[in-house]
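Enquirer: Sequence and predicted model, in that order:
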Amino acid sequence: MIKCKNGGCPKGKDICCLSCEDLEGCKDNGACDLIPGEDFEGTCPDAVVEGSTELEVFETKSAAIIQSIADIVTQKKDLEEKEKTMKAQLQKAMEQHGIKSFNNEVIKITYIAATTANSVDSKKLKEKYPEIASECSKVSNKSAYVKVEVK
C-alpha cells in the first residue's frame, strides 16, 4: 500500500493521494502540491510503500515510467518496421527508374547498389595457416539498400 509522509488524503483515506483512483474528481487536490499532469512524473518523493520488497517498491513507484518506456519501445518497433517496408518500396522504385540519388529541401535519398566483399575467415586462418591470410579469405554478398538522411 502506498501511504503519504504528509498525512495522506484530506478526506481520511490512508493512502497517497496520487495513487487514489478518485484524485481527478477530488477538489482538495490531495495533501501535497504534486498534481498529475503538472509536477507528477510517475513518482512522488513523499510516497511510502509499506509491507513490500524493494522490487515491489521500485515497480510501484516507477509504474508510469515503465509503462511509458514499454509504449515507446512498442511504437519504435512499429515505426522501424514501417520504415523498413517503405525503404524497400523506395529501393524497388529507384531500381525500376534508374535513380541513384534524390535530394530536395526535406530529404536526401541515395541508392547503394549490391556489392560483394572479401574478408578473412580468422577462425580458419588461426586453425590452418596463421601466416597465410590470403588462403583463408572468403567472399560475402552485400544486399542493396537505401540510405535516408533527414535534414
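Expert: On my side now, so go ahead.
Enquirer: Okay, strands next: where are they in the chain?
Expert: Secondary structure of the chain (DSSP state E): strands located at 2-4, 47-49, 101-103, 107-112, 115-120, 137-142, 145-150.
Enquirer: Could you look over those and pick the most buried one?
Expert: strand 2-4 (a mean of 20; mean count of other C-beta atoms under 10 Å). Where C-beta positions appear, they are placed from N, C-alpha and C, glycine not excepted.
Enquirer: Might you list the low-confidence residue ranges for this structure?
Expert: Scanning the chain for pLDDT under 70 picks out the ranges 1-3, 6-10, 14, 17-19, 21-25, 27-52, 133-136, 149-151.
Enquirer: what residues go with each domain of it?
Expert: Listed by automatic domain parsing, the domain ranges of the chain are 2-61, 81-150.
Enquirer: Next one: residue 127 from residue 140, what distance?
Expert: To residue 140, residue 127 is 20 Å away according to C-beta to C-beta, to the nearest Å.
Enquirer: And residue 114, by the same measure?
Expert: 11 Å.
Enquirer: go on, residue 105?
Expert: In terms of C-beta to C-beta, residue 105 sits 37 Å off from residue 140.
Enquirer: Same check on residue 148?
Expert: From residue 148 to residue 140 the distance is 24 Å (C-beta to C-beta).
Enquirer: And residue 124, by the same measure?
Expert: Distance from residue 124 to residue 140, by C-beta to C-beta: 14 Å.
Enquirer: swap in residue 67?
Expert: In terms of C-beta to C-beta, residue 67 sits 42 Å off from residue 140.
Enquirer: now swap in residue 131 and tell me
Expert: According to C-beta to C-beta, residue 131 and residue 140 sit 23 Å apart.
Enquirer: Check residue 108 too.
Expert: Distance, residue 108 to residue 140, using C-beta to C-beta: 28 Å.
Enquirer: Among the strands of the chain, single out whichever gets nearest to residue 13.
Expert: Judged by C-beta to C-beta, the one of the strands of the chain that comes nearest to residue 13 is strand 2-4, at 9.7 Å.
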